[in-house]
Every structure is written in structure tokens, then in C-alpha cells.
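Asker: Sequence first, then the predicted structure:
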Amino acid sequence: MPSAMQLQISIKPEGQLEQMGAAFKGIDFKSDLSKLIKKLSFKVQRESKKLTPVRTGFLRSSIIVWLDPLRGLIHPYAHYAIYVHEGTGRMKSRPFMQWGLDAVIEQSNPEEDYRDIKYKLSRAMEGKK
């Protein structure tokens, strides 16, 4: 069961992807975007794990990724994760999931991440597959 604290990476609305595919001679954008979401979701998981405060290692190992075709959900299933992340009256917050997301955003390279999609678009515009 997902915790109250999670990050979601998703593409909406799906209907437009089919329209784009039809307009560009049947290119499967959904597949490319799904691969991109998977890649970014696992990057966020990896960076969040690196930045998670460790006492026993359970919190770090509890960060998992759930994938749907156009959605990636990254969240820890440790019951106390929200208290570590958001803090309490006695403990300062250590937002390890936000830190992981921020690290991925800082390291991101849109030219590389969208290369396959841009290549297919340029080929379609030239009339090639």
C-alpha cells in the first residue's frame, strides 16, 4: 500500500499521444515516453536512497518504484518515512525524497533524455520512419 508520501512522474493526457502518432505516421510516442518515465523514476529512487538518513538501513531500502505505462511512483514504504521527511516537534525535517528529485533535476540533460523522441520527430517531418 503506498504511503502518504510519494513522488509521481507522469504524462497527461494520453489521448493526445495517439493523435501525435497519427499525425506523424504512426510513431509510438507512448513507448518512448514510457521509457523516459522509467529512466527518470529510477534515477530519483537512486538519488533519494543516496541522500536518505541511515540508522538501520530500512528506510533507505524501503524506497521503491511502481511503474505504469505513463506514470512512475517513487515512495518509501517504511511507516515512519513521513516523520523523517517532514520532521516532528522534536526532530528537524530531512526531506530525502525532495533532495533526490532536486539532484535529478540538477543533473538532467534534456538533450540526452529526449534524444530518441526528437530523432523520431525529425525523421517523421522528413517523411521517413
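Answerer: Arrived safely, thanks for sending.

Asker: contacts for the helix or strand that contains His75?
Answerer: Element membership for His75 (DSSP states H and E) is strand 71-76. By CB atoms under 8 Å, 6 or more residues apart in numbering, the list of residues contacting strand 71-76 from outside reads 2-3, 5-11, 37-38, 40-41, 44-45, 48, 52, 59, 62-67, 81, 97, 100. From N, CA and C alone the C-beta is placed, and that goes for glycine too.

Asker: what does stretch 104-118 give?
Answerer: 29, 32-33, 35-36, 39-40, 43-44, 47.

Asker: Tell me the one among those residues nearest to Tyr77.
Answerer: Proximity of the contacts of stretch 104-118 to Tyr77 (CB to CB) peaks at Val44, which lies at 15.6 Å.

Asker: Am I right that that closest one is in contact with Leu101?
Answerer: Yes - using CB atoms under 8 Å, Val44 is in contact with Leu101, at 5.5 Å.

Asker: between these two, what contacts are shared?
Answerer: Leu7.
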